[in-house]
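**Student:** dropping the sequence and predicted coords here.
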Amino acid sequence: MSLSFLRKREAVAFDIGSNSIKLVQMNQTKKGWELMKMGMAELPPEAIVDGSIIDSMTVTNTLRDLVKEHGVKVKDAVSSLTGHSVIIKKVSFPAMTEDELADSIQWEAEQYIPFPISDVNIDFQILGADTDGRGQMDVMLVAVKKDVINDYTNVIKEAGLNPVVIDVDSFALENMMEINYPVTPGENIAMVNIGASITSISVVMGGLTIFTRSIPMGGNQFTEELQRQLNVSFKDAEDMKLHRKESDSDAEQLASSIDSVSTNLTFEVKRSLDFFLGGAQGSYVSKIYLSGGGSKVTGLQNLMQEKTSIPVELANPFKGIDASSRHFDKDRLKEAAPFFGVAVGLATRRFADR
């Protein structure tokens, strides 16, 4: 979802997740992308639930504090959405021009949207023209509930910023991959972004997202399972999950709790990819890239590789970005990388983008 712009200008990106807000500002040079600012601030539980903002004042104040802490002068802001309020579907429409589809998209899309068409904003991308003479073309249809967009734009405005683009997480990840991992012709990759409460799965073919699905589980499920099994606080369980704190409990019990959630999450990823492959004859997925804070869970990468029989790699959103001019610590960047995939992708957006 993007608003119209008159000319290109710099913007600051905010990935507003259910567990934290990530800030990234980048500069585009002749040599490529340059990291200017980055930061992260945690949100309290229940501030954002399933992609919906519950405590707008806390989110606004956290945004405002992040801007102040990192000395951000740019007012134009880019953010994104994920979860059940976002509908992304690959559909077939009668072959027509982009302008013709723009004029007719409201009634063409109505049959695919489970909400009243007046309640959503709709955007689209034509994936392929009518090449086999069947009079149809493939279109990626995106619909987002207007009230959710309004909630996000309002907290950004209240923080003293100007919201210019509201994107979708999976498309931001596509942009992140594009600047860090060159597209190999004919190669399909899967992006699995494990947030605190939502995991988004997308398949990218030739640089274009052709399949997406969100599942309501993520890093918090690991923490809650540890909390339940080990009888500790949410914070202690979170520290144990990320090995910031040693567990007084049996290491075997700790590993077992993490493994059970990893298995469930991996099964959902495999089920989603099997569903995609079942409906796309002759297609395949050659690699899975993991991102999001949940990707840091010990053993998850190996388990997913074993269960899906597909190579799994941790995506590094800073791989192709110059971070030297602001002297960012390399160890800090490596440690933070899983959290910043969406934010880096958003930071590549410029005015005049569609």
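**Tutor:** Cool, the structure landed.
**Student:** Asn220 against Ala196, yeah?
**Tutor:** Yes - with contact defined as C-beta atoms under 8 Å, Asn220 reaches Ala196; the gap is 5.0 Å. The way it works is simple: take the backbone N, C-alpha and C, and place the C-beta from them, glycine included.
**Student:** joint contacts of the two?
**Tutor:** Ser18, Asn19 (C-beta atoms under 8 Å, 6 or more residues apart in numbering).
**Student:** where in the protein is pLDDT low?
**Tutor:** 1-8, 129-133, 244-250, 350-354 (pLDDT under 70).
**Student:** try it again at 50.
**Tutor:** 1-7, 352-354 (pLDDT under 50).
**Student:** where is the longest helix in it?
**Tutor:** In the chain, assigned by DSSP state H, the helix with the most residues is helix 251-279.
**Student:** who are the packing partners of the next helix or strand after that helix?
**Tutor:** Downstream of helix 251-279, the first helix or strand assigned by DSSP states H and E is strand 287-291. Contacts defined by 3 or more C-beta pairs under 8 Å, 6 or more residues apart in numbering; DSSP states H and E place strand 287-291 against helix 169-180, strand 188-194, helix 300-308, strand 312-314.
**Student:** centroid-nearest residue for the chain?
**Tutor:** Asp169 (3.2 Å; C-alpha atoms, centre = their mean).
**Student:** that one contacts Val342, doesn't it?
**Tutor:** Yes - Asp169 is within contact range of Val342, at 5.2 Å (criterion: C-beta under 8 Å).
**Student:** mutual contacts of these two, please.
**Tutor:** Shared contacts of Asp169 and Val342 (C-beta under 8 Å, 6+ apart): Asp15, Ser80, Asn193.
**Student:** most neighbours, which of those?
**Tutor:** Ranked by the number of neighbours (other C-beta atoms under 10 Å), those place Asn193 first, at 29 neighbours.
**Student:** so it makes contact with Phe339?
**Tutor:** No - counting by C-beta under 8 Å, Phe339 is not a contact partner of Asn193; they are 10.3 Å apart.
**Student:** okay, and the common contacts of these two?
**Tutor:** Gly292.
**Student:** now do the buried residues in stretch 161-169.
**Tutor:** In terms of neighbour count (16 or more other C-beta atoms under 10 Å), stretch 161-169 has its buried residues at Leu161, Pro163, Val164, Val165, Ile166, Asp167, Val168, Asp169.
**Student:** could you do stretch 173-186 as well?
**Tutor:** Within stretch 173-186, the residues scored as buried using 16+ other C-beta under 10 Å are Leu173, Glu174, Asn175, Met176, Met177, Ile179, Asn180, Tyr181.
**Student:** Val142: which of those is nearest?
**Tutor:** Glu174 (12.5 Å; C-beta to C-beta).
**Student:** what about Ala172, distance to Ala237?
**Tutor:** Remark: distance between Ala172 and Ala237 (C-beta to C-beta, to the nearest Å) = 29 Å.
**Student:** quick one, which of these two is more surrounded?
**Tutor:** The residue with more neighbours, out of Ala172 and Ala237, is Ala172; 28 against 25, by other C-beta under 10 Å.
**Student:** how about that one: what's its closest non-neighbour residue?
**Tutor:** Distances taken as C-beta to C-beta, 6 or more residues apart in numbering put Gly345 closest to Ala172, at 3.4 Å, once the chain neighbours are dropped.
**Student:** surely the one you found meets Ser170?
**Tutor:** No - if you go by C-beta under 8 Å, Gly345 and Ser170 don't touch, sitting 9.4 Å apart.
**Student:** neighbour count winner among these two?
**Tutor:** Gly345 (29 against 26).
**Student:** ok, that one - contacts?
**Tutor:** For Gly345, the contact set (C-beta under 8 Å, 6+ apart) comprises Asp167, Phe171, Ala172, Leu173, Glu174, Asn175, Met176, Met177, Pro317.
**Student:** ok, of the residues you listed, which one's closest to Val203?
**Tutor:** Nearest to Val203 among the contacts of Gly345: Glu174, at 10.4 Å, using C-beta to C-beta.
**Student:** wait, that closest one sits on Gly207?
**Tutor:** Yes - using C-beta under 8 Å, Glu174 makes contact with Gly207 at a distance of 7.2 Å.
**Student:** where do the domain boundaries of this structure fall?
**Tutor:** Domain segmentation of the chain under automatic domain parsing yields 1-85+146-181+316-354, 183-314.
**Student:** the nearest residue to Glu178 once chain neighbours are set aside and Thr153, how far apart?
**Tutor:** With C-beta to C-beta, 6+ apart as the criterion, Glu178 has its nearest non-adjacent residue at 6.0 Å, and that residue is Gly207. Distance, Gly207 to Thr153, by C-beta to C-beta: 28 Å.
**Student:** show me which of the two is the more surrounded one.
**Tutor:** Thr153 (18 against 15).
**Student:** list the contacts for that one?
**Tutor:** Residues near Thr153 by C-beta under 8 Å, 6+ apart: Pro163, Ile166.
**Student:** that one: which element?
**Tutor:** helix 146-158.
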